[in-house]
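1. Let's see this in three dimensions:
(chains A and B)
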Amino acid sequence: MRNLLHNINSAIQIGDWCVLTAGIILVAVLFQQLWSHQDATRVQIRHGDRIYGTYSLNQQRDIHVQGAMGAATVSILHGKARFSQSPCHNQYCVHQGWLSRAGQAAICLPNQLSLELIGETKPYDSLNY
Amino acid sequence: MRKGLKPLFIVAACCLAIWGLISYKQPKLYHSQSYVFGTLVDISIYGEPEQRAKVLSNHILQDFQQLHQQLHAWKPTTDNQASELGALNAAFASGKPVQISPRMAEILLDATRLSRQSDGLFNPSIGHLIGAWGFQRDEFSAVNIDTALITQLVKANPSMSDIVIKNNTAYSKNPKLKLDLGGYAKGYALDQAIDYLRKQQVHNALINIGGNIIALGQHDDKPWRVGIQHPRKPGAIASLDLDDGWAIGTSGDYQRYFMLGGKRYCHIIDPRTGYPVQHTQAVTVLIPPQAAHSTQAGVLSDVASKPIFIAPLANKAEMAAAMGVQHYMVIDQAAQVYITPAMQTKLTWLDTDLKKHLHAQPTAQH
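-> Just a heads-up that it's a prediction; the model follows:
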């Protein structure tokens, strides 16, 4: 083990350090660029005052949730989610369509269900509407 | 220690330190969601032990529930008694005086003052008109527009100044007056909640009732941050810092509405015509903390957006000045955004499409 480390140490040349430094800078830049897009990774479904479940967006799946009025369907499709079926009258929640970015939310007031997309960072604490 | 191992230890120590810092910085944030006032109530409390935050949050929700039952415009309470507002409306229709609670008297006087300030565009006494458009229901659908009824209700011209309050009793000089405090109660509840939390020595909280938000303190070392909903798309158009004591409210045509013959009919009704407003998609107002013994920020954030929404574009600046609002943004039916310089400096734009259609909204003198 000691010999191995020693060998590695003596084997690293100036050029290697340059490549390493460039690599670190590249990672930092990419991190800044890509992280700020705030893509959502999960969807949280709430019923009334409790969390029904949190699901990865990285799948294709239909989830049937029992709300205050009846069963609604939440669809997840590779990075986005939506209400695809709801027993409510106005269907506002279904008309909201696909949500794909962190912080986006769809609420079904009559059925007391809500979806919220969650990312690594939260773009805001609460939504004004 | 061998030279080769030293960097490894340094890296390991750094990792541990970062991990420690992250776990230490784990948000002490309590967050709850419930359905009260026929809408979503979202309470965030920061920096309190979870158990205490939960108790406080439940207390606020109970107060909201009580207020809701007191002020509900069309639903009787659980034991099938008319709400205080329901009883009041029944008495108003008969012209007889009725006893009211001190809280109701305070609300009516404040709402009357705000109605006068808005030149009658904020008019909580047009409950019959709101009912005629089908918006006094939990779920609404397209109605048959009864033009004769609407003309008749506009002609009856109910106004907050028709209410006479004397010695804890109230009566109406106009039998067609019916109160609907839908544009006032949520703001009032926000002020009550913040007041309660301050008395309980809570320093940091954010309360959202159906989109109307008020801030207390901040979230950790940063101000509370709120997003403003796009009126036609899911997601936020912009975000802003909501400082201690500030409140934000939006009147929009996208939360309660129905479509009929390709036209959108929203719940905000112009008391002068009796018809839903169709020239505006959304008006957002940002309200700073107000002086004690005057209308508080929560109520103003709920009320002030309505008359600005109802006024035609050319008169919106004047109406905002009349309501004492400097920070506001209008999105009209053509998706053009009119924003005051004061508001613009507060916003961080997230929707780049809408940002292309910004216009400076002049600040009028009042």
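2. can you list the domain ranges for chain A.
-> Chain A breaks down into these domains under automatic domain parsing: A:2-34, A:42-118.
3. Check whether residue B:66 sits in a helix, strand or coil.
-> Using DSSP: H, G, I helix; E, B strand; the rest coil, the three-state assignment for residue B:66 comes out as helix.
4. separation between it and chain A?
-> The gap separating residue B:66 from chain A is 17 Å, by CB to the nearest CB, to the nearest Å. For the C-beta atoms, the positions are set from N, CA and C on the backbone; glycine is no exception.
5. Show me which residues of chain A sit near chain B.
-> Those residues of chain A that sit near chain B, judged by CB under 8 Å from any CB of the partner chain, are A:2, A:5-6, A:8-9, A:46, A:48-49, A:68, A:88-90, A:92, A:96-99, A:101, A:103-107, A:109-110, A:112, A:114, A:123-129.
6. Restricted to buried residues, select those residues in PyMOL.
-> Applying 16 or more other CB atoms under 10 Å in any protein chain shown to the residues of chain A next to chain B, the buried members can be selected in PyMOL as follows:
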select buried, chain A and resi 46+88+90+92+96+99+101+103+104+105+106+107+109+110+112+114+123+124+125+126+127+128+129
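7. for the closest residue to chain A within the stretch 51-200 of chain B, helix, strand, or coil?
-> Nearest residue of the stretch 51-200 of chain B to chain A: residue B:139, at 4.3 Å (CB to the nearest CB). Following three-state DSSP, we place residue B:139 in the coil state.
8. That one touches residue A:86, doesn't it?
-> No. Residue B:139 lies out of contact with residue A:86 (CB atoms under 8 Å); the separation is 11.8 Å.
9. Comparing those two, which shows the higher neighbour count?
-> Shown here are residue B:139 and residue A:86; by other CB atoms under 10 Å in any protein chain shown, residue A:86 has more neighbours (25 against 11).
10. which element is the nearest residue to the more buried one once chain neighbours are set aside on?
-> The shortest distance from residue A:86 to any residue that is not its chain neighbour, by CB to CB, 6 or more residues apart in numbering or on different chains, is 4.4 Å, and that residue is residue A:72. With secondary structure defined by DSSP states H and E, residue A:72 is part of strand A:71-77.
11. buried sites along that strand?
-> By 16+ other CB under 10 Å, the buried positions in strand A:71-77 come out as A:72, A:74-76.
12. which residues touch it?
-> Contacts of strand A:71-77 with the rest of the structure, by CB atoms under 8 Å, 6 or more residues apart in numbering or on different chains, involve A:43, A:45, A:55-57, A:59-65, A:81-88, A:93, A:98, A:108, A:111, A:113, A:115.
13. Of those, keep whichever come out buried.
-> Here, 16+ other CB under 10 Å leaves A:43, A:45, A:55, A:57, A:63, A:65, A:81-84, A:86, A:88, A:93, A:108, A:111, A:113, A:115 buried among the contacts of strand A:71-77.
14. Output the lowest mean pLDDT helix or strand found in the chain.
-> Here I'm looking at chain A. helix A:2-11 (a mean of 67; mean pLDDT, DSSP states H and E).
15. switch to chain B, that's the one I care about
-> Of the helices and strands making up chain B, the lowest-confidence element is helix B:6-24, at a mean of 66, by mean pLDDT, DSSP H and E.
16. strands paired with the helix or strand just after that one, and their directions?
-> On the C-terminal side of helix B:6-24, the closest following helix or strand by DSSP H and E is strand B:29-36. Strand pairing for strand B:29-36, determined by DSSP bridges: strand B:39-46 (antiparallel).
17. re the thing from before, for the domains of chain A, which has the smallest mean pLDDT value?
-> When the domains of chain A are compared on mean pLDDT, domain A:2-34 scores lowest, with a mean of 78.
18. Pretty sure residue A:17 sits in a strand.
-> No. Read with three-state DSSP, residue A:17 is helix and lies in no strand.
19. For residue A:11, see how far away it is.
-> 12 Å (CB to CB, to the nearest Å).
20. need the contact list for residue B:336.
-> Residues touching residue B:336, when contacts are defined by CB under 8 Å, 6+ apart, comprise B:357, B:359.
21. what's the distance between it and residue B:358?
-> Spatial separation of residue B:336 from residue B:358 under the definition CB to CB is 8 Å.
22. And for residue B:243?
-> For residue B:243 relative to residue B:358 (CB to CB), the value is 23 Å.
23. and what of residue B:57?
-> From residue B:57 across to residue B:358, the span is 38 Å (CB to CB).
24. And residue B:97, by the same measure?
-> When residue B:97 is compared with residue B:358 (using CB to CB), they lie 52 Å apart.
25. repeat for residue B:350
-> The span separating residue B:350 from residue B:358 equals 14 Å under the rule CB to CB.
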